[in-house]
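Asker: take a look and give me a structure for this.
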Amino acid sequence: MSEQFLFQLDNRLMYGVGRSRELGAFVRERGIGRVLVAVDAGVARHSTYYREILEIVAAAAQTTVETLRDTEEPDYDYLDEVAARLRQAERPDLLIAIGGGSCLDMGKALAVLLTNPGKGIDYRGFDKVRAPGVPTLLIPTTAGTGSEVTINAVFTDKREMRKLGINGRHLSATWALLDAEWTLSCPRAAAVSAGMDAMVHTLESFMCRQHNALTRIFSREAFRLLHRDLPCLLEEPGNLERRQNLLFAAYLAGAALFNSGSGIAGAFSYPLGVNYKIPHGICGAVFVASVVEYNAARGYGDYAELLEIVEPGSALPRDAQSRRFAVLLRALCDRLEVPRTLAHWGVGLEDAADIERGLLPLQAAFDQNPIAFSAQRDAPELLRRHLA
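Answerer: Got it, this is the predicted structure:
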């Protein structure tokens, strides 16, 4: 653990089941005259809660709606297309983004493109955005990505076929609103994918070399909630209290991740997502238990802290506790029906060589793992465990 660290958490959080119904008062109290709502197309089609809340907002301020595609993860070309259209209209006083992580990333990036010139890809990297964006309020409809609290917005560069984000201080949402009512319309598979994305975030932020005392607090609490309440997505899908817990866990995991670092499972999901259209969250989930097994088998002992959360008072030696934790994590993944191989998406051994080439540039992410992991030696071996 570092003796010195920086921890950043810039947005304000509105929390609680049903709090979205207060948005009319929220808008009026702040003198907001024009609101732009950027909403995921699936939410717009299927959520009765969206229609209710849109009426509340529209009664309080002049409101326009931009419906964002939900057919694929966003790329820079699509970001520029939407930004060009919005730049022709009067600038809003508030941008409300409602949807999954991709929609929230779009909302953050659109907010800064409304106040900064050029194309989205001009700001690829860290802290290249000069002027603050339009104030934003982000409302996740899935409990997973943590985009509502991070300083990142991820987009695919279709020319290079890589995911490269717009990142930095101006990408923080002004407000986040966590309200489990939004998650009820989320399809089960998408909900599990998002929830496991949060699990990847919390485990990677916990174990990465750049963790610190504060990120560990966030990571441990996020893990406690996720381990306890993720099964509700299959077993009690209507339980709003447990779904609210998952939103909170995703928020904590996101805050921990961008203040520490990511790791192997998250890194694997980038080339696989770009080239094989595997959803980011579930792709990381395919690999995360194997990464934990890899580390535990080589003597990494800190997983004992997480085992204490789910099986307190273990008398096992510390390294054996880590191996026991790996067993329990694998069981949770199986319980949530996370695929063990990429065959679910038609990816097999015949694709191995191409995928391995895509993993070679990711050594910097692999170096954050607490146990040495080589892109040339270890990554192919881990990959092939998940190819049928």
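Asker: how close does Ala256 get to Val274?
Answerer: Distance, Ala256 to Val274, by Cβ to Cβ, to the nearest Å: 25 Å. In short, each C-beta sits where N, CA and C put it, glycine included.
Asker: nope, Lys108 is what I was after
Answerer: 20 Å.
Asker: so which of those two has more stuff around it?
Answerer: Legend: neighbour count by other Cβ atoms under 10 Å for Lys108 and Val274, higher for Lys108 (26 against 20).
Asker: right, and that one touches Thr136 too?
Answerer: Yes. Taking Cβ atoms under 8 Å as the definition, Lys108 is a contact partner of Thr136 at 6.2 Å.
Asker: find residues that contact each of those two.
Answerer: 97, 173 (Cβ atoms under 8 Å, 6 or more residues apart in numbering).
Asker: in its sheet, what does the helix or strand of the chain with the lowest mean pLDDT sit against?
Answerer: Using mean pLDDT, DSSP states H and E, strand 162-167 stands out as the lowest-scoring helix or strand of the chain, at a mean of 92. In the sheet, strand 162-167 lines up against strand 125-126 (parallel), strand 152-157 (antiparallel) (DSSP bridges).
Asker: right, so those: which one is the most enclosed?
Answerer: Highest mean neighbour count of the strands paired with strand 162-167: strand 152-157, a mean of 21 (counted as mean count of other Cβ atoms under 10 Å).
Asker: quick one: contacts of that one?
Answerer: 73-76, 79, 105-106, 108-109, 120-121, 124, 147, 162-167, 171, 258, 274.
Asker: swap in stretch 353-363?
Answerer: So stretch 353-363 is contacted by 267-268, 270-272, 274-275, 347, 374-376, 379-380, 383 (Cβ under 8 Å, 6+ apart).
Asker: buried subset of those residues?
Answerer: Buried members of the contacts of stretch 353-363, counted by 16 or more other Cβ atoms under 10 Å: 267-268, 270-272, 274, 347, 375, 379-380, 383.
Asker: please parse this protein into its domains.
Answerer: The chain is divided into the following domains under automatic domain parsing: 12-184, 187-384.
Asker: of the ones you listed, which is nearest Leu6?
Answerer: Set against Leu6 and scored by Cβ to Cβ, the domains of the chain come closest in domain 187-384, at 7.6 Å.
Asker: where's that closest one relative to the chain centroid, distance-wise?
Answerer: 12 Å (Cα atoms, centre = their mean, to the nearest Å).
Asker: where are the low-confidence patches of the protein?
Answerer: In the predicted model of the chain, residues 1-2 satisfy pLDDT under 70.
Asker: nearest to His227 among the contacts of stretch 353-363?
Answerer: Taking the contacts of stretch 353-363 together and measuring to His227 by Cβ to Cβ, the closest member is Phe268, at 22.0 Å.
Asker: mind listing what's buried in the strand or helix carrying Met199?
Answerer: Secondary structure assigned from DSSP states H and E places Met199 in helix 188-207. Of all the residues in helix 188-207, those buried under the rule 16+ other Cβ under 10 Å are 190-207.
Asker: same thing with stretch 50-65?
Answerer: Here stretch 50-65 shows 50, 53-54, 56-58, 60-61, 63, 65 as buried, counting by 16+ other Cβ under 10 Å.
Asker: just the ones of those in strands?
Answerer: 63, 65 (DSSP state E).
Asker: for Leu332, state which of the buried residues of stretch 50-65 is nearest.
Answerer: Tyr50 (31.1 Å).
Asker: mind checking how far the closest one is from Ile56?
Answerer: Distance from Tyr50 to Ile56, by Cβ to Cβ: 11 Å.
Asker: how near is Ala111 to Val149?
Answerer: 15 Å.
Asker: which one of the two has more residues nearby?
Answerer: Set Ala111 next to Val149 and count neighbours by other Cβ under 10 Å: Ala111 wins out with 30 against 26.
Asker: now do the SS call for Val338.
Answerer: coil (DSSP: H, G, I helix; E, B strand; the rest coil).
Asker: can you count the residues close to it?
Answerer: Neighbours of Val338 (other Cβ under 10 Å): 22.
Asker: same deal with the one 3 residues further on?
Answerer: Here the number of neighbours of Thr341 (other Cβ under 10 Å) works out to 13.
Asker: pretty sure it sits against His386.
Answerer: Yes. Counting by Cβ under 8 Å, Thr341 touches His386, with 5.0 Å between them.
Asker: okay, and the common contacts of these two?
Answerer: Common contacts of Thr341 and His386 (Cβ under 8 Å, 6+ apart): Val286.
Asker: for Phe287, which non-adjacent residue is spatially closest?
Answerer: Ala265 (4.2 Å; Cβ to Cβ, 6 or more residues apart in numbering).
Asker: so the one you found sits in a helix?
Answerer: Yes. Ala265 sits within a helix when classified using three-state DSSP.
Asker: just confirm Ala38 is within a helix.
Answerer: No. Counting by three-state DSSP, Ala38 is not found in a helix; it is strand.
Asker: what bridges to it?
Answerer: Glu66, Ala97.
Asker: excluding covalently adjacent residues, which one is nearest to Ile121?
Answerer: Using Cβ to Cβ, 6+ apart, the nearest residue to Ile121 is Tyr76, at 4.6 Å.
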